[in-house]
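*Asks:* Just a sequence and a predicted model for now, questions to come.
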Protein chains: 2
Amino acid sequence: MHDSDQPPASDRPNAADETWFDAWRGVLFASARALRVADQDMVEHDGFPLTWLDVLAQLADAGPAGLRMQELEEVALFTRGGLTRLVDRIEAAGLVRREPVHGDRRGVLVVLTDEGRQRHDAAFARHREVIEREFGRRLTPAQHRAISDALWPFWHGDGAATSE
Amino acid sequence: MHDSDQPPASDRPNAADETWFDAWRGVLFASARALRVADQDMVEHDGFPLTWLDVLAQLADAGPAGLRMQELEEVALFTRGGLTRLVDRIEAAGLVRREPVHGDRRGVLVVLTDEGRQRHDAAFARHREVIEREFGRRLTPAQHRAISDALWPFWHGDGAATSE
DNA sequence: AGACAGTAGTTGTCAGGACAGCGAGAACTG
DNA sequence: CAGTTCTCGCTGTCCTGACAACTACTGTCT
């Protein structure tokens, strides 16, 4: 947020100690920009926001058995709390349904409906295209590799989920 | 969000067409994780959230003349709308004050107070430390360089600010 | 079995962000 | 200089996310 007019790191090799901050800024801006565009696009074309895709994608990955609220909350990227109402909305739209858990009457199983799966598939395909356009195509394959390798630990366990 | 258990891109060089998606995921998770930790830390230690720092930092960069609401909205990273109430809160906390614009009675100039500058400096210093810990120290200098160079266009003009 | 702690999910309540509409003022036009 | 249009920031209203009770149920311990 500061020093916004400095040249890229490659132009000032003496500032090695500060380079991490430029890297951070890049990550921050790239994600903020792409997410905003992707969210707008999804609301416009699919009729629901990115948070819904987050939930639907987890359920699509989980298979036909669905997921319990608790499991869903653990794996979802955006929503840390307030999952109840989010699922309420998605259920009201008919993309998901709640079922009792066999053997635990406290629990609730969230399952994709047929329409939910279709809408997810369509939205996810479109989402990939948007991200590819807003992010992927702006970089070279070598850059993809470099970023992917460097940032891989952040989404592969590593305590990335909740806290330290 | 899918394929969450695959090895990193470096382990499956044949999937070159898909590597951008892993890079995206890395960017997404890295920023989400660091931002969440940073926001929590800031609320806890500085008493205000990251959105305030965003505003304060822009004002600190802008110099003693301050910024008009409109300019502030253009450069702020997080807040797209609703800047009025955000500035209301920051003003109520005494970190900022509104002044009339000489020669345009519609406009409002937002200026840092002395306390605002002090609080900004402290919060920003701490914020850097948190980001360095949560992001910087997890990567090598070479990786910082690679990411910084690749993602630099996203925050350096390029239409990265608001829309296409 | 009865008491007790732990777990699962929902609900109440409130703060923050999104969006549309508003009035005041400025700029442009004839 | 009157009329129109545009800009600037504020306000009303709704929607979503955060946090804290609260209910229902499970499991354990004696």
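*Replies:* All right, it came through fine.
*Asks:* The lengthiest strand in chain A close to chain B?
*Replies:* In chain A, with assignment by DSSP state E, the single longest strand is strand A:104-112. No. Contact between strand A:104-112 and chain B is absent, the nearest approach being 14.0 Å (criterion: CB under 8 Å from any CB of the partner chain). All C-beta spots, glycine's among them, are computed from the backbone N, C-alpha and C.
*Asks:* Likewise for stretch A:20-36?
*Replies:* Yes. Counting by CB under 8 Å from any CB, chain B is contacted by stretch A:20-36 at A:20-36.
*Asks:* out of these, which are inside helices?
*Replies:* A:20-36 (DSSP state H).
*Asks:* Just the buried residues from those, in PyMOL please.
*Replies:* Selection of buried members from these for PyMOL, criterion 16 or more other CB atoms under 10 Å in any protein chain shown:
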select buried, chain A and resi 20+21+22+23+24+25+26+27+28+29+30+31+32+33+34+35
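*Asks:* Check which helices and strands the helix or strand residue A:124 falls within is in contact with.
*Replies:* Using DSSP states H and E, residue A:124 falls within helix A:114-134. In terms of contacts (3 or more CB pairs under 8 Å, 6 or more residues apart in numbering or on different chains; DSSP states H and E), helix A:114-134 is packed against helix A:19-46, helix A:50-62, helix B:19-46.
*Asks:* so what's residue A:139 closest to, chain neighbours aside?
*Replies:* Sequence neighbours aside, residue B:150 is the residue nearest to residue A:139 in space, at 5.5 Å (criterion: CB to CB, 6 or more residues apart in numbering or on different chains).
*Asks:* who in chain A is up against DNA strand D?
*Replies:* A:49, A:51, A:78-82, A:85-86, A:89, A:104-106 (CB under 7 Å from any atom of the strand).
*Asks:* returning to what we had before: please state the offset of the helix holding residue A:124 from the chain centre?
*Replies:* Distance, stretch centre to chain centre, for helix A:114-134: 12 Å (CA atoms, centre = their mean, to the nearest Å).
*Asks:* now stretch A:136-147
*Replies:* In terms of CA atoms, centre = their mean, the centre of stretch A:136-147 is set 19 Å apart from its chain centre.
*Asks:* quick one: contacts of that stretch?
*Replies:* Residues outside stretch A:136-147 that contact it (CB atoms under 8 Å, 6 or more residues apart in numbering or on different chains): B:9-10, B:16, B:19-24, B:26-27, B:143, B:146-147, B:149-151, B:153-154.
*Asks:* Just the buried positions in it, please.
*Replies:* Those would be A:136, A:138, A:139, A:143, A:144, A:145, A:146, A:147, for stretch A:136-147 by 16+ other CB under 10 Å.
*Asks:* what's residue A:108 in contact with, if anything?
*Replies:* A:68, A:69, A:98, A:99, A:100, A:101.
*Asks:* and what of residue A:89?
*Replies:* residue A:52 are the contacts of residue A:89 under CB under 8 Å, 6+ apart.
*Asks:* how close does it sit to residue A:83?
*Replies:* 11 Å (CB to CB, to the nearest Å).
*Asks:* If we ignore the residues flanking it in sequence, what's nearest residue A:96?
*Replies:* The shortest distance from residue A:96 to any non-neighbouring residue, by CB to CB, 6+ apart, is to residue A:90 (4.7 Å).
*Asks:* that older thread, distance to chain B and pLDDT added to the contacts of residue A:108, as TSV?
*Replies:* As requested, these are arranged in TSV below (distance: CB to the nearest CB, whole Å; pLDDT from 0 to 100):
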residue	distance to chain B	pLDDT
A:68	18	96
A:69	18	95
A:98	22	97
A:99	23	96
A:100	27	95
A:101	23	94
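*Asks:* out of those, who's nearest DNA strand D?
*Replies:* When the contacts of residue A:108 are compared for distance to DNA strand D (CB to the nearest atom of the strand), residue A:101 wins out at 8.8 Å.
*Asks:* Now the closest one. Nearest residue, chain neighbours left out?
*Replies:* Take residue A:101 and drop its neighbours on the chain: the residue closest to it by CB to CB, 6+ apart is residue A:107, 3.5 Å away.
*Asks:* Surely the one you found and residue A:71 touch.
*Replies:* No. If you go by CB atoms under 8 Å, residue A:107 and residue A:71 don't touch, sitting 9.9 Å apart.
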